[in-house]
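Participant: sequence and predicted structure are below.
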Amino acid sequence: QVQVVESGGGLVQPGGSLRLSCAASGDTHNDYNIAWFRQAPGDEREGVSCISNSDGFTYYANSVKGRFTISKNNAKNTAYLQMNNLRPEDTAVYYCALSSRHLCGTDYWGQGTQVTVSS
């Protein structure tokens, strides 16, 4: 079993930055692909960014391309989502997911961290 914990959310003004962290613990001997999703009130959960464990391939949703950067530190079993030039429409609960099989897969979920972009 794998436990996933996100951190780093908070309140930030438009144009500001935040870095989210995703820490995995437990049965982490298998390297995992990492995905970030987000869900705003009343909206469906949407994929934001993913990173492949095997070759570092990255995916970004069009809405965040050029502003968000995903990265992974295998030695620390931790992944990050650097979010720059944040906009009010980025406000959501951000979730991290891990999968050993699929890019952007969701075998394990974290509990989420709230990001609020507001002046």
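Facilitator: All right, it came through fine.

Participant: ok, now which ones touch the residue nearest to Cys22 when sequence neighbours are not counted?
Facilitator: The shortest distance from Cys22 to any non-neighbouring residue, by C-beta to C-beta, 6 or more residues apart in numbering, is to Cys96 (3.4 Å). From N, CA and C alone the C-beta is placed, and that goes for glycine too. Cys96 is in contact with 4, 6, 20, 22, 34-37, 79, 109-110, counting by C-beta atoms under 8 Å, 6 or more residues apart in numbering.

Participant: may I have the beta-bridge partners of Cys96?
Facilitator: The partner list for Cys96 in beta bridges (DSSP bridges) reads Trp36.

Participant: again with Val4
Facilitator: Beta-bridge partners, per DSSP bridges, of Val4: Ala24.

Participant: burial of it, as a residue count?
Facilitator: Residues near Val4, counting by other C-beta atoms under 10 Å, number 23.

Participant: isn't it up against Cys22?
Facilitator: Yes - with contact defined as C-beta atoms under 8 Å, Val4 and Cys22 form a contacting pair (6.4 Å).

Participant: can you pull the residues that touch both of those two?
Facilitator: Shared contacts of Val4 and Cys22 (C-beta under 8 Å, 6+ apart): 96, 110.

Participant: sorry, back to before: what would the contacts of Cys96 look like in CSV with pLDDT and distance to Ser119?
Facilitator: Shown next, in CSV, are the contacts of Cys96 (pLDDT from 0 to 100; distance: C-beta to C-beta, whole Å):
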residue, pLDDT, distance to Ser119
Val4, 95, 31
Glu6, 97, 24
Leu20, 98, 21
Cys22, 95, 28
Ile34, 94, 31
Ala35, 96, 30
Trp36, 98, 24
Phe37, 98, 26
Ala79, 94, 29
Trp109, 96, 31
Gly110, 96, 28
